[in-house]
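*Asks:* structure of the sequence below:
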Amino acid sequence: MSHLEERLENDLNEIRDHIANMGSSVEQALKGAFRALHDGNEKLAFTTILSDLPINRLMRKIDQLCHTFIAVHLPSAGHLRLISSVIRVNIILERIGDYAVTIAREAVQLGEAPDGRILKELEHISAESISILSESISAFNSSNAERARDAIAMAGKIEREMDGIYAELLDSAESNGGCSRDTMIYLIIFTQLKRVADQAKNLAELAVFTETGETKTPKVYRILFLDEDNSCLGPMAEMIAGKIYPGIGEYTSAGVHPADNLNANMTAFMQEHGFNVSAMAPRELDSSRESLAKYHVIVGLHKKVLKAVVKIPFRTSALNWKDVKIPKSDDPEDWEILHKTLALHVRELMTMLRGDEGI
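*Replies:* Predicted coordinates for the structure are as follows:
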């Protein structure tokens, strides 16, 4: 090994060691924050808050080492991929340290240890979040892509569980006449734990990228088009979105009071324009929270139709396209205007969700 190669390896090992130390420090900060919350331990909470200062200093040190490495060694291929990933992992770990600080601060504000069902949920989610983080850090440090993929799958499980927890907290607040101070604190704490899992997933994806060069799989958005009777506007929007952007989203439609059949004029128009209408039929909205929580976006195609959705799930967004109206005749020009209006709205939505990929 030449002197330059030896120096490169030494510099890489120094960066790896610092990242490993930072990962360990962030894990300990999270465990300390949760223990302070669990026990109502104010002293431990403040210790955890102050422990973020060395983490921030280490973050700046790693950032400096990475930029120096690039300037000195002009890395390419695998080494460049590693250093670019380390820079991003460094930021991720620093953010997770901030989440630990927030949890510790909220534990102080709470002033007492949680109990009952809320304690069980906190124990469960915190254990899973810390476990995912630990797996992701280990996968990155050991360049283990398979272990990283396992961590990614674990993060998806937490995402589904959090929907139910948010719903329970908000339902409890509503039944008690409003969101109490303690409920707000628990919402903040659960959100920080969810963010830990999200960032751990990002870290795991960087582990896969570093080892294999594979980039993050683009997100597929699930969209529900909601109208009054699902005989025209919803099915039309569903078919347009599915034809123009088949790989970007998963689309469905439903009606509040579904009709017996599709609108005959809409069916004729869409068939003439090459759409397969044979599999379409009016569907009734399933307004349960579990069903609606599957969608990233619910699009209302009538100014009042979203009122049928009593509660929008915590992580679901709702839009209202008020300017789409069913033509009163079979005039092809009127139906062409509706088609273009829906296509424009779909284009704007998918561009918002996926950027240039939505074009």
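*Asks:* just name the shakiest helix or strand of the chain by mean pLDDT.
*Replies:* In the chain, the helix or strand scored least confidently by mean pLDDT, DSSP states H and E is helix 145-175, which has a mean of 83.
*Asks:* what is it packed up against?
*Replies:* With contacts defined as 3 or more CB pairs under 8 Å, 6 or more residues apart in numbering; DSSP states H and E, the secondary structure elements packing on helix 145-175 are helix 116-141, helix 181-212. For every residue, glycine as well, the C-beta is placed using N, CA and C.
*Asks:* mean confidence for the longest one?
*Replies:* With pLDDT averaged residue by residue, helix 181-212 scores 93.
*Asks:* can you tell me the closest non-neighbouring residue to the most centrally placed residue in the chain?
*Replies:* Among the residues of the chain, D198 comes closest to the average C-alpha position under CA atoms, centre = their mean, at 6.8 Å. Distances taken as CB to CB, 6 or more residues apart in numbering place A155 nearest to D198, at 7.0 Å, with adjacent residues excluded.
*Asks:* contact partners for the one you found?
*Replies:* With contact set as CB atoms under 8 Å, 6 or more residues apart in numbering, A155 has these partners: I132, A197, D198, A200, K201, A204.
*Asks:* returning to what we had before: the least confident helix or strand of the chain vs helix 116-141, what angle?
*Replies:* On the basis of axes from the mean of the first three to the mean of the last three CA atoms, to 10 degrees, helix 145-175 is oriented at 160 degrees to helix 116-141.
*Asks:* all strands for the stretch 251-359 of the chain, in order.
*Replies:* All strands of the stretch 251-359 of the chain, identified by DSSP state E, counting those that start in this stretch, fall at 297-300, 317-320.
*Asks:* show me what the top helix by length along the chain is packed against.
*Replies:* Once the chain is assigned using DSSP state H, the helix that runs over the most residues is helix 3-39. The criterion is 3+ CB pairs under 8 Å, 6+ apart, and the helices and strands that helix 3-39 contacts are helix 42-50, helix 52-73, helix 77-110, helix 116-141.
*Asks:* tell me where the stretch 251-359 of the chain is predicted with low confidence.
*Replies:* 356-359 (pLDDT under 70).
*Asks:* how about the helices in it?
*Replies:* In the stretch 251-359 of the chain, helices defined by DSSP state H, counting those that start in this stretch lie at 264-272, 289-292, 332-354, listed in chain order.
*Asks:* of those helices, which is nearest E214?
*Replies:* helix 332-354 (18.9 Å; CB to CB).
*Asks:* angle of the closest one against helix 264-272?
*Replies:* Here the directions of helix 332-354 and helix 264-272 differ by 70 degrees (the same axes, to 10 degrees).
*Asks:* helix 332-354: how far from the chain's middle?
*Replies:* Going by CA atoms, centre = their mean, to the nearest Å, the spacing between the C-alpha centre of helix 332-354 and its chain's C-alpha centre is 26 Å.
*Asks:* other SSEs contacting that helix?
*Replies:* The elements that helix 332-354 packs onto, with contact taken as 3+ CB pairs under 8 Å, 6+ apart, are strand 221-227, helix 233-244, helix 264-272, strand 297-300.
*Asks:* ok, back up a step: got the helices of the stretch 251-359 of the chain as JSON lines, with mean neighbour count and distance to D163 columns?
*Replies:* As requested, the helices of the stretch 251-359 of the chain are arranged in JSON lines below (neighbours: other CB atoms under 10 Å; distance: least, CB to CB, whole Å):
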{"stretch": "helix 264-272", "mean neighbour count": "17", "distance to D163": "34"}
{"stretch": "helix 289-292", "mean neighbour count": "16", "distance to D163": "8"}
{"stretch": "helix 332-354", "mean neighbour count": "17", "distance to D163": "19"}
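*Asks:* redo these as a markdown table? Include distance to T183.
*Replies:* As requested, those are exported to a markdown table (distance: least, CB to CB, whole Å):
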| stretch | distance to T183 |
| --- | --- |
| helix 264-272 | 46 |
| helix 289-292 | 18 |
| helix 332-354 | 31 |
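*Asks:* and of these, who's closest to I185?
*Replies:* helix 289-292 (23.1 Å).
*Asks:* and for that closest one, what's in contact with it?
*Replies:* D163, A167, L224, D286, I298, V309, K311, I312, P313, T316.
*Asks:* pretty sure S134 sits against E27.
*Replies:* Yes. Under the criterion of CB atoms under 8 Å, S134 makes contact with E27 at 6.0 Å.
*Asks:* what about L37, neighbour count?
*Replies:* Using other CB atoms under 10 Å, L37 has 26 other residues around it.
*Asks:* can you check the one 10 residues further on too?
*Replies:* Residues contacting T47 under the criterion other CB under 10 Å number 15.
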